[in-house]
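Visitor: The following comprises the amino acid sequence and a computationally predicted model.
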Amino acid sequence: MSSQILSELESNQIQIYQFPTDDETVRAINVELNRLVPYAIVGSTDFVKKENGKMVRARRYPWGIVEGMRVFHSFVN
């Protein structure tokens, strides 16, 4: 999925932020951050009831819910 998103960004000439790599003190972490792009953060202050009755912090969309703290939905860990 990430490669498809990156391809769409490139074909539409959309530039995204690249962490600088010219400073030796932060180069390693910035190279890693650049490698992880694209990424998004999903968060919510609302609670949503799942099909199993469990209440979770999530966003509800017409096609389903997105839980920010679920590894399947987010790379945040």
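Guide: Done, it's in. Numbering: from 1, shown residues only.

Visitor: residues making contact with the lowest-mean-pLDDT helix or strand in the chain?
Guide: None of the helices or strands of the chain scores lower by mean pLDDT, DSSP states H and E than helix 2-11, at a mean of 84. If you take C-beta atoms under 8 Å, 6 or more residues apart in numbering as the criterion, helix 2-11 is touched by 14-16, 37-38. From N, CA and C alone the C-beta is placed, and that goes for glycine too.

Visitor: again, 7 Å this time
Guide: Contact with helix 2-11 is made by 16, 38, as judged by C-beta atoms under 7 Å, 6 or more residues apart in numbering.

Visitor: Give me the buried positions along it.
Guide: Within helix 2-11, not a single residue qualifies as buried, counting by 16 or more other C-beta atoms under 10 Å.

Visitor: State the next helix or strand along the chain beyond it.
Guide: Per DSSP states H and E, helix 2-11 leads on to helix 27-36 as the next helix or strand towards the C-terminus.

Visitor: Which residue ranges make up the domains of the protein?
Guide: 1-39, 41-77 (automatic domain parsing).

Visitor: Would you single out the least confident of those domains?
Guide: Lowest mean pLDDT of those: domain 41-77, a mean of 80.

Visitor: Buried ones in it, by neighbour count?
Guide: Applying a neighbour-count criterion of 16+ other C-beta under 10 Å, the buried positions in domain 41-77 are 44, 56, 58, 65-68, 74.
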